[in-house]
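Chemist: Quick one: sequence plus predicted model below, questions after.
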Amino acid sequence: MDEKRKAMILGSFLGDSLALGVHWIYDVDRIQREFGRVDRLSKPLKDSYHPTKDAGEFTHYGDQTLVLLESVVSGRKFDLRDFAVSWRKLFENYSGYFDHATKGTLKNLAEGRDPAQSGSNSSDLAGAARIAPLVAIHTADQEELVSDVRAQTAMTHNHPVVLQDAEFFARTLWLVLSGMAPIAAMENVCADCFHGSSLDESVSRGLASAGNPTIDVVLKFGQSCDARGAFPAVIHLIARYENNLRNALIENVMAGGDSAARGMLVGMVLGAHLGMEAIPVEWLDALKKKKHILDLLERL
């Protein structure tokens, strides 16, 4: 695997793991007071949403992304049914957090729905954030990539806004991996595929905010999981820190809320752009699943 695809996947995992310690803390003053500048992988507090997790592990978003990576490595391609079986097995004895999308999808699968029809109606941007392993395996056909990305996302988050956002990032990553800078790639995708849409308008708002402090921007757009606020916040982070993955992920965490979903998307885009030199070695070394992930990437 080439270095930029490798950095894309690792950047996504690191964006999730860095956020783990303060994930879903909305009070930015509390983050600063109790954690300081979050520039290392940290353990969640006992009263958090992730009390069973340790520093260097993942939220339930990262855990699902790892299942997807394992599935595509095992099958040498994306197979929705195989992913669904592995995804469901993850949650059989899972000690981590079960969000609305997970509970709804598990219920639908238990009732006999096909994985293509099992998705919840969740509008959380996290549904669009697992896609790095899929982008890594598609090198020849962009439309096949988009089809797989939408199918994988819809299995758990069958919401039109989330599906559109997943497609946007898949197409953006395709251009970034071809050598285009992220801002230019996002503008090109909007012009070619989403011109005049609400997504186009959200990208414009995110790009226009790049000169403003990240905490202020995220508070304005919305810290929550909902894609309609989280999406332009991700665009802001990519644009403001286009050449600094480390700072992008730190400032994302300091802005609070659903920093894990935002971090996965920012990490994958900037990893694809900047390559392995941008991946902080101390963060990578602190990942509990570092060896397993690197082994998977070698096989991929």
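Modeler: That came in fine, so what should we check first? Being a predicted model, the structure only gives us computed values, none of them experimental.

Chemist: so how far is the helix or strand hosting residue 14 off the chain centroid?
Modeler: In this structure, residue 14 is located in helix 3-20 according to DSSP states H and E. Counting by C-alpha atoms, centre = their mean, to the nearest Å, helix 3-20 is centred 9 Å from the centre of its parent chain.

Chemist: number of nearby residues for residue 142?
Modeler: Here the number of neighbours of residue 142 (other C-beta atoms under 10 Å) works out to 14. Quick note: C-beta positions are derived from backbone N, CA and C, even for glycine.

Chemist: who's in contact with the closest residue to it other than its chain neighbours?
Modeler: The shortest distance from residue 142 to any non-neighbouring residue, by C-beta to C-beta, 6 or more residues apart in numbering, is to residue 174 (5.1 Å). By C-beta atoms under 8 Å, 6 or more residues apart in numbering, residue 174 lies in contact with 135, 138, 142, 145.

Chemist: And the helix holding residue 14, what's buried?
Modeler: For helix 3-20, the neighbour count (16 or more other C-beta atoms under 10 Å) marks 4-20 as buried.

Chemist: Give the other helices and strands that the strand or helix carrying residue 187 contacts.
Modeler: Applying DSSP H and E as the criterion places residue 187 in helix 182-193. If contacts are counted by 3 or more C-beta pairs under 8 Å, 6 or more residues apart in numbering; DSSP states H and E, helix 182-193 sits against helix 160-177, helix 198-208, helix 227-240, helix 259-274.

Chemist: Could I have the CA atoms of the one helix or strand residue 282 maps to written out in CSV?
Modeler: Element membership of residue 282, judged by DSSP H and E, is helix 281-286. C-alpha atoms of helix 281-286 as CSV (Å, rounded to 0.1, in the frame of the first residue of the first chain):
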residue,chain,number,x,y,z
VAL,A,281,4.8,9.0,15.9
GLU,A,282,4.0,9.2,19.7
TRP,A,283,0.3,8.9,19.0
LEU,A,284,0.8,6.0,16.7
ASP,A,285,3.0,4.2,19.2
ALA,A,286,0.3,4.8,21.9
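
Chemist: got the contact list for it?
Modeler: For helix 281-286, the external contacting residues (C-beta under 8 Å, 6+ apart) are 10, 14, 17, 18, 40, 41, 55, 56, 290.

Chemist: can you dump the C-alpha coordinates of stretch 102-117 into PDB?
Modeler: This file holds the C-alpha atoms of stretch 102-117, laid out as PDB (Å, rounded to 0.1, in the frame of the first residue of the first chain):
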ATOM      1  CA  THR A 102     -26.200   0.900  16.500                       C
ATOM      2  CA  LYS A 103     -29.300   0.000  18.600                       C
ATOM      3  CA  GLY A 104     -31.600   0.600  15.600                       C
ATOM      4  CA  THR A 105     -29.500  -1.400  13.200                       C
ATOM      5  CA  LEU A 106     -29.100  -4.300  15.500                       C
ATOM      6  CA  LYS A 107     -32.800  -4.400  16.000                       C
ATOM      7  CA  ASN A 108     -33.500  -4.400  12.300                       C
ATOM      8  CA  LEU A 109     -30.900  -7.100  11.600                       C
ATOM      9  CA  ALA A 110     -32.400  -9.200  14.400                       C
ATOM     10  CA  GLU A 111     -35.800  -8.900  12.800                       C
ATOM     11  CA  GLY A 112     -34.400 -10.400   9.600                       C
ATOM     12  CA  ARG A 113     -33.800  -7.300   7.500                       C
ATOM     13  CA  ASP A 114     -31.200  -7.600   4.800                       C
ATOM     14  CA  PRO A 115     -28.000  -5.500   5.500                       C
ATOM     15  CA  ALA A 116     -29.000  -3.300   2.500                       C
ATOM     16  CA  GLN A 117     -32.200  -2.400   4.400                       C
END
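
Chemist: what comes into contact with that stretch?
Modeler: With C-beta under 8 Å, 6+ apart, stretch 102-117 has contacts from 60, 80-81, 83-84, 88, 91, 98, 118-122, 151, 154-156.
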